[in-house]
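K.L.:
I would like to see how this sequence folds:
(4 chains)
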Number of protein chains: 2
Amino acid sequence: MAQSDTVDRILDAAEELFAERGFSETSLRMITSKAKVNLAAVNYHFGSKNALIHAVFARFLSPFSATLETAFDNLEERCNGQPPTLYQTLWALTESAVRMPQRNDRGISIFMRLLGLAYTQSQGHLRKFLEQEYSQPFGRFMRLLKEATPELSSVDRYWRIQFMLGATAFTMSSSDALRDILQNKTGIETSVQEIAARLVPFLAAGMQAPDKLLMPPPESKVSVA
Amino acid sequence: MAQSDTVDRILDAAEELFAERGFSETSLRMITSKAKVNLAAVNYHFGSKNALIHAVFARFLSPFSATLETAFDNLEERCNGQPPTLYQTLWALTESAVRMPQRNDRGISIFMRLLGLAYTQSQGHLRKFLEQEYSQPFGRFMRLLKEATPELSSVDRYWRIQFMLGATAFTMSSSDALRDILQNKTGIETSVQEIAARLVPFLAAGMQAPDKLLMPPPESKVSVA
DNA sequence: CTCCGCTTCAAACGTATGTTTCAAACAGAC
DNA sequence: GTCTGTTTGAAACATACGTTTGAAGCGGAG
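P.N.:
Numbering: from 1, shown residues only, chains lettered A, B, ... in the order given. Model prediction:
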């Protein structure tokens, strides 16, 4: 073969194993044996394990980043200068993720799980890589969020964005496991699209919740029987 | 010293390092050197690294579990047979966590971060350990949630609980970093209690959001100017 | 065919890990 | 003081890791 497919086989195997087990817990030997390539191939083609991790992310994040930009473009165009609503912004993001061309049916799950891991596993090199490669669409998303929630103080918005990120990253990072649990308990099959469709209203409602309270909730007074 | 403090020193160091770096990324040598004890002490006192991980969790989870049970007892007693509201249930949980006697001021953050890691890092042995040791308070919390949201289908409730867990675990697990970022940007100091006070309304609102939608949001139609 | 750059391969390297070993140090009971 | 069971200590163990090496294999150009 003139153009070797070794690189893609490695990326496929790595992507799947990383998503299943995390980065530190996945060895190059697992990857190369799953990909049926020689151990040295990883260092030959990518340079190091960390560079392989970056490549795995770049392969799906770069097209996603582009898709997201055009989705935001379309959204803002449709709004004729008015800021898009929170719902619309969240939905644009979700659709961009869900509509991405997938290599296989689990593609979206793996995609999400990896994003969750990226946030969760404290791999300094990864965070640095993602920040400097994909800061633009992220910044734009933040700006849209700000315009969509002008009623929030910037501190409230800051924290609620963290809550949204958490709910999303966490759920997505274990979406396979959670789906399986539900499947075993109730027999119900759930697609990633459905999870997303349930997540968006949850996030939007949380984001627009009434003010924070600093004291115990009103109902918690001891009632005199 | 009759009762050696080696065990506690190991637990303290392990707790902190695990919270900072994750389990796989923390070696016994890091732990023992931080704790200023001999390397072999871990295996002598705990048996294995995995057993040490369990011990770290048990040390804060067991008292928390007890505190939580009495908090739920008090709550249910105050309600005279009526099911506690969602707000009250969430608040009981939050207060139990926040009011736990802490070894130091970072105690609560570490506590939360470890819980997040336990969910996220796919350490099979840990999940098994937590499930069989702390299924009771967890199950009770689930039952209270169910009674507080009778309007939700069990599938909706299942997913929304996952979203809540995610927002909580994620935020709390990086609360130190998030607090610092906010501090640097705005000069505002934030306590864990305040974060909790912002989180609870977010969660409650999300939990009680209107039905999931299966289509794009209503506002996303192209408006005819 | 010969050559050359690129790719694969088996093997080894150095390092770090969790765990084990066994002697030394220690504390409390007698 | 002496004995005994427990705890510490330095060192080694076996294993797994990421990475490097150098030779073998290969395809197209001259």
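
K.L.:
C-alpha only now, for contacts and for neighbours.
P.N.:
Noted.

K.L.:
just list what the top helix by length along chain A packs against, helices and strands only.
P.N.:
Scanning chain A for the helix with the most residues, using DSSP state H, yields helix A:49-78. On a contact count with 3 or more C-alpha pairs under 8 Å, 6 or more residues apart in numbering or on different chains; DSSP states H and E, helix A:49-78 meets helix A:6-21, helix A:40-45, helix A:86-98, helix A:124-133, helix A:135-148.

K.L.:
can you count the residues close to A:Lys103?
P.N.:
Just so we're on the same page, residue A:103 is Arg rather than Lys. 10 (other C-alpha atoms under 10 Å in any protein chain shown).

K.L.:
now do the SS call for it.
P.N.:
Here A:Arg103 is coil, with the state taken from DSSP: H, G, I helix; E, B strand; the rest coil.

K.L.:
coming back round to it: any idea how far the longest helix of chain A is from the chain center?
P.N.:
11 Å (C-alpha atoms, centre = their mean, to the nearest Å).

K.L.:
that older thread, of all the helices and strands packed on helix A:49-78, which one is nearest DNA strand D?
P.N.:
The closest of the helices and strands packed on helix A:49-78 to DNA strand D is helix A:40-45. By C-alpha to the nearest atom of the strand, the value is 4.1 Å.

K.L.:
avg pLDDT for the closest one?
P.N.:
Mean pLDDT, helix A:40-45: 96.

K.L.:
buried residues in that helix?
P.N.:
Neighbour counts over helix A:40-45 (16 or more other C-alpha atoms under 10 Å in any protein chain shown) mark A:Val42 as buried.

K.L.:
which strands and helices sit next to the lowest-mean-pLDDT helix or strand in chain A?
P.N.:
Lowest by mean pLDDT, DSSP states H and E among the helices and strands of chain A is helix A:175-186, with a mean of 77. Secondary-structure packing of helix A:175-186 (3+ C-alpha pairs under 8 Å, 6+ apart): helix A:107-120.

K.L.:
tilt between the helix it packs on and helix A:86-98?
P.N.:
Using axes from the mean of the first three to the mean of the last three C-alpha atoms, to 10 degrees, the inter-axis angle of helix A:107-120 relative to helix A:86-98 is 110 degrees.

K.L.:
residues contacting A:Val42?
P.N.:
Neighbouring residues of A:Val42 by C-alpha atoms under 8 Å, 6 or more residues apart in numbering or on different chains: A:10, A:28, A:32, A:48-49, A:52.

K.L.:
from those, list the buried ones, please.
P.N.:
Buried members of these, scored by 16+ other C-alpha under 10 Å, are A:10, A:28, A:32, A:52.

K.L.:
I'd say the first one and A:Thr32 touch.
P.N.:
Yes. If you go by C-alpha atoms under 8 Å, A:Ile10 and A:Thr32 touch, sitting 6.6 Å apart.

K.L.:
residues near A:Thr94, how many?
P.N.:
When neighbours are counted by other C-alpha under 10 Å, A:Thr94 registers 17.

K.L.:
same thing with A:Asn184?
P.N.:
A:Asn184 has 11 neighbours, counted by other C-alpha under 10 Å.

K.L.:
can you tell me how far it sits from DNA strand C?
P.N.:
As for A:Asn184, its distance to DNA strand C is 32 Å (criterion: C-alpha to the nearest atom of the strand, to the nearest Å).

K.L.:
how close does that residue sit to B:Glu131?
P.N.:
17 Å (C-alpha to C-alpha, to the nearest Å).

K.L.:
re the thing from before, just the buried positions in the least confident helix or strand of chain A, please.
P.N.:
Using 16+ other C-alpha under 10 Å as the burial criterion, the residues of helix A:175-186 that qualify are A:175-176, A:178-179, A:182.

K.L.:
after it, which helix or strand is next?
P.N.:
Following helix A:175-186 in sequence order, the next helix or strand is helix A:192-207 (DSSP states H and E).

K.L.:
what does chain A have sitting close to DNA strand C?
P.N.:
Proximity of chain A to DNA strand C (C-alpha under 7 Å from any atom of the strand) is limited to residues A:3-6, A:37-41, A:44.

K.L.:
at 6 Å instead, please
P.N.:
Residues of chain A lying near DNA strand C by C-alpha under 6 Å from any atom of the strand: A:4, A:6, A:37-38, A:40-41, A:44.

K.L.:
how about a markdown table for the contacts of A:Val42, with pLDDT added?
P.N.:
Formatted as a markdown table, the contacts of A:Val42 follow (pLDDT from 0 to 100):
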| residue | pLDDT |
| --- | --- |
| A:Ile10 | 97 |
| A:Leu28 | 98 |
| A:Thr32 | 97 |
| A:Ser48 | 96 |
| A:Lys49 | 97 |
| A:Leu52 | 97 |
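
K.L.:
restrict those to those near DNA strand D?
P.N.:
Restricting the contacts of A:Val42 to those near DNA strand D by C-alpha under 6 Å from any atom of the strand leaves A:28, A:48-49.

K.L.:
about what we covered before: lowest-confidence stretch among the helices and strands packed on helix A:49-78?
P.N.:
Per-stretch mean pLDDT for the helices and strands packed on helix A:49-78 is lowest at helix A:124-133 (a mean of 86).

K.L.:
and that one, what's buried?
P.N.:
Neighbour-count burial for helix A:124-133, counted by 16+ other C-alpha under 10 Å, picks out A:Leu126.

K.L.:
for it, packing partners?
P.N.:
Applying 3+ C-alpha pairs under 8 Å, 6+ apart, one finds that helix A:124-133 contacts helix A:49-78, helix A:107-120.

K.L.:
just these: most buried one?
P.N.:
Mean neighbour count, computed with mean count of other C-alpha atoms under 10 Å in any protein chain shown, is highest for helix A:107-120 among the helices and strands packed on helix A:124-133, reaching a mean of 22.

K.L.:
who touches that helix?
P.N.:
Helix A:107-120 is contacted by residues A:15-16, A:18-19, A:22, A:57, A:60, A:97-98, A:102, A:126-127, A:168-170, A:172-176, A:192, B:117, B:120, B:170 when judged by C-alpha under 8 Å, 6+ apart.
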